[in-house]
Each structure stands twice: as C-alpha cells, then as structure tokens.
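Engineer: how would this look folded up:
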Amino acid sequence: MIDNKNLLKLLRTELQKMNNGDKIRFLTYKKDRSILVEKDGDTFTIIENGYRQMVWENLTKAEVLKKMKKLQKIEFPRSNKLYLSK
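Structural biologist: Here you go, the predicted structure:
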C-alpha cells in the first residue's frame, strides 16, 4: 500500500529502474480501478481500466508522468491509499 499523494514520486523512481517488459499496476483499495504502466523497449504503455478503458502507447518517461498526473485525478479522486503491484 502506498499513499496516493506519493504516486508520482514513486513512479518517477520506478520508471528509471524498469527493464524491458516490466509492469507496474496501481489499484484502488476496492481493486475495481487500475492503471498499468508497461515498458516496451525505450517507450512505455499506459493501460487505464476503471472509470474509462483506454490505452496509450509509445510514451516517453516525461509523457508518462504528465499523463499519470491527469489519470490520478480521474481514477483515484478520493483514494488515500493505493495498492502497488509489480
């Protein structure tokens, strides 16, 4: 479990450590909404599953962080704690 307010800081460090094919999934406490970040070579893919079901591909690290900041407000608006799955 991680704090929702630390999501971006944690993601920033995890993106640098990720190897090709690694995945990170953030889930709500009820586990009904999730965001999956996957590394594909030099780019990243974000899969949003919850309020909306969308996929973004071929993103850089900066684009991932920018997109996650927006998705955090959409998918986890009132969540204080999130599950982190690798």
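Engineer: and the gap between residue 4 and residue 45?
Structural biologist: 22 Å (C-beta to C-beta, to the nearest Å). From N, CA and C alone the C-beta is placed, and that goes for glycine too.
Engineer: for the longest helix seen in the chain, name the packing helices and strands.
Structural biologist: In the chain, with assignment by DSSP state H, the single longest helix is helix 61-75. Judged by 3 or more C-beta pairs under 8 Å, 6 or more residues apart in numbering; DSSP states H and E, the packing partners of helix 61-75 are helix 7-17, strand 34-40, strand 43-49.
Engineer: looking at the ones you listed, which is nearest to residue 61?
Structural biologist: helix 7-17 (5.2 Å; C-beta to C-beta).
Engineer: make CSV out of the helices and strands packed on helix 61-75 and add mean pLDDT.
Structural biologist: What follows is the helices and strands packed on helix 61-75, written out as CSV (pLDDT from 0 to 100):
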stretch, mean pLDDT
helix 7-17, 94
strand 34-40, 96
strand 43-49, 96
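Engineer: residue 68 is nearest to which of these?
Structural biologist: helix 7-17 (6.0 Å).
Engineer: and that closest one, C-alpha only, in PDB?
Structural biologist: Extracted in PDB, the C-alpha atoms of helix 7-17 (Å, rounded to 0.1, in the frame of the first residue of the first chain):
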ATOM      1  CA  LEU A   7       2.200   8.200  -6.500                       C
ATOM      2  CA  LEU A   8       4.100  10.400  -8.900                       C
ATOM      3  CA  LYS A   9       7.300  10.500  -6.800                       C
ATOM      4  CA  LEU A  10       7.300   6.700  -6.600                       C
ATOM      5  CA  LEU A  11       6.600   6.300 -10.300                       C
ATOM      6  CA  ARG A  12       9.400   8.600 -11.200                       C
ATOM      7  CA  THR A  13      11.900   6.400  -9.400                       C
ATOM      8  CA  GLU A  14      10.400   3.100 -10.600                       C
ATOM      9  CA  LEU A  15      10.400   4.200 -14.300                       C
ATOM     10  CA  GLN A  16      14.200   4.600 -14.100                       C
ATOM     11  CA  LYS A  17      14.600   1.100 -12.600                       C
END
